[in-house]
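**Student:** Would you be able to build a 3D model of this:
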Amino acid sequence: MPRTKKAASKSAAANSTATRSRQRTRHTAEASSSASDSEQPLQNSSPQVPGNVARKLVAFSIALLILPILAYFITLHFVFSGRTTPAAVTAAVTANLVLAGYVQC
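**Tutor:** Below is the predicted model of the structure:
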């Protein structure tokens with residue numbers, strides 16, 4: 001069946017349109033791929049904490065919990081013979097020393 005010029009031009013126009021559509025799709029896919037590559041760090045918004053920082057925080061948190069209490073009871077019973085005010089001051093000083101140590105490390 002012979003094709004007419006009109007049918008041939010319609011076919012060529014359809015092929016041209018399909019080619020442009022594929023090129024646009026490919027270009028859009030490449031653009032979104034490169035955009036998603038550059039956006040990837042933004043998607044993971046949770047901060048990454050290095051292991052040594054986490055260990056330091058845990059160690060000083062435990063020290064801040066235990067050392068002032070130990071200082072209070074040790075000084076209450078063995079140093080100040082039952083006087084609570086100097087033992088409490090010792091515990092407060094110990095807590096401040098632990099905090100200062102955390103800041104200095």
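**Student:** In terms of pLDDT, where does Gln48 sit?
**Tutor:** The confidence metric pLDDT takes the value 90 at Gln48.
**Student:** Now do it against Arg55, distance only.
**Tutor:** 15 Å (C-beta to C-beta, to the nearest Å). C-beta: built from backbone N, CA, C; applies to glycine.
**Student:** okay, those two: which has more neighbours?
**Tutor:** Neighbour totals were compared for Gln48 and Arg55, and Arg55 leads with 10 against 5 (other C-beta atoms under 10 Å).
**Student:** where's the more buried one, which helix or strand?
**Tutor:** Applying DSSP states H and E as the criterion places Arg55 in helix 51-74.
**Student:** Which secondary structure elements does the helix or strand just after that helix sit against?
**Tutor:** Next along the chain after helix 51-74, taking DSSP H and E as the criterion, comes helix 84-104. If contacts are counted by 3 or more C-beta pairs under 8 Å, 6 or more residues apart in numbering; DSSP states H and E, helix 84-104 sits against helix 51-74.
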